[in-house]
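Novice: show me the folded form of this:
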Amino acid sequence: MTHSPELSSARWRRSSYSNTDGGECVEISDDFPGLVPVRDSKNPTGPALVVNAAAWGDFVSSLK
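Specialist: Numbers count the residues shown, from 1 in each chain. You can find the predicted model right below:
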């Protein structure tokens, strides 16, 4: 069984491509080696999706 890391101390960031209007944004944290937590910026206390860093890299590369 895999356990998600405790995210209460995570430092979150948005893409530099995000606007400042509070629109449809996701935030990620770089604080967890090998993992990338992802959350909805409109719901910062809501759930986060935690993905493998390699899978996140593949996902981001596919968007470029």
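Novice: where does residue 5 sit: helix, strand or coil?
Specialist: Following DSSP: H, G, I helix; E, B strand; the rest coil, we place residue 5 in the coil state.
Novice: please shift the residue numbers so they start at 48 in all later answers.
Specialist: Renumbered: residue one is now 48, and that last one reads residue 52.
Novice: and the lengthiest strand in the chain, what's buried?
Specialist: Ranked by residue count under DSSP state E, the longest strand found in the chain is strand 82-87. Neighbour-count burial for strand 82-87, counted by 16 or more other C-beta atoms under 10 Å, picks out 82-84, 86. Glycine gets a C-beta too; all of them are placed from N, C-alpha and C.
Novice: mind checking how far the helix or strand just after that strand is from the chain centre?
Specialist: The C-terminal neighbour of strand 82-87 among helices and strands, as given by DSSP states H and E, is strand 96-99. Centre-to-centre, strand 96-99 and its host chain are 8 Å apart (C-alpha atoms, centre = their mean, to the nearest Å).
Novice: strand 96-99: what's the following helix or strand?
Specialist: Downstream of strand 96-99 (by DSSP H and E), the next one is helix 100-110.
Novice: pLDDT below threshold where in this protein?
Specialist: Applying pLDDT under 70 to the chain flags the ranges 48-50, 66-67, 69-70.
Novice: for the closest residue to residue 98 other than its chain neighbours, what are its contacts?
Specialist: Leaving aside its chain neighbours, residue 98 sits nearest to residue 83 (5.4 Å; criterion: C-beta to C-beta, 6 or more residues apart in numbering). Residues near residue 83 by C-beta atoms under 8 Å, 6 or more residues apart in numbering: 75-77, 97-100, 103.
Novice: can you do 6 Å?
Specialist: By C-beta atoms under 6 Å, 6 or more residues apart in numbering, the residues touching residue 83 are 75, 98, 100, 103.
Novice: now, of the residues you listed, which are buried?
Specialist: Buried residues within the contacts of residue 83, counting neighbours by 16+ other C-beta under 10 Å: 75, 98, 103.
Novice: mind picking the two most distant members of the buried residues of strand 82-87?
Specialist: Spanning the widest gap among the buried residues of strand 82-87 are 82 and 86, at 13.1 Å by C-beta to C-beta.
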